[in-house]
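only geometry, no sequence info:
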């Protein structure tokens, strides 16, 4: 019975990842390595960010797993400041709370959970971050880095919204 359950779970994970494939965003520079492991859901003509009553896929003011499937993981090779908050080297889960003008980024100490199993009691911190609107539509959610003079910005990009999460050394 246990073997059957394990096989079913592995099959389910593989099936869901055909719709939202795994990806890794990597930053290396300034004696820092940041690795973000996440899954990339697609827009598919849907309203992505908006009010819950408008059937947005990711409703404003609700915790989002910042991708699909398992919770998004972020690993820092050294101590940094993320969105102005001190963070020790290590691995954390990354959550967000989208809003129409700003987002909150949530760094959580729990890792390895499915993306709908959020435990706010394990939050390290929450911090507001700015967004920018891009006229081009990004079909598949993506995470990437931009260099700045103070360190990289982690960019969370989907549809026409980009959340900007500063990382400082």
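Cool, got the structure. Keep in mind that this is a model prediction, so the values were computed, not measured. Numbers count the residues shown, from 1 in each chain.

what mean pLDDT does the helix or strand encompassing residue 130 have?
According to DSSP states H and E, residue 130 maps onto strand 123-146. The average of the pLDDT scores along strand 123-146 is 98.

same deal with stretch 105-120?
The average pLDDT within stretch 105-120 is 96.

Could you do stretch 38-51 as well?
98.

Can you list the buried residues in it?
For stretch 38-51, burial by neighbour count (16 or more other CB atoms under 10 Å) applies to 38-43, 48-50. Every residue, glycine included, has its C-beta placed from N, CA and C.

Let me see the contact set for the nearest residue to residue 159 once chain neighbours are set aside.
Distances taken as CB to CB, 6 or more residues apart in numbering place residue 48 nearest to residue 159, at 4.2 Å, with adjacent residues excluded. If you count contacts by CB atoms under 8 Å, 6 or more residues apart in numbering, residue 48 has them with 56-58, 158-159, 161.

my guess is residue 40 meets residue 139, correct?
No: in this structure residue 40 lies outside contact range of residue 139 using CB atoms under 8 Å: 9.5 Å.

Return the residues in contact with the most centrally placed residue in the chain.
Note on the chain: the residue nearest the mean C-alpha position is residue 66, at 3.2 Å, using CA atoms, centre = their mean. Contacts were defined as CB under 8 Å, 6+ apart; by that measure residue 66 touches 38, 72, 94-96, 156.
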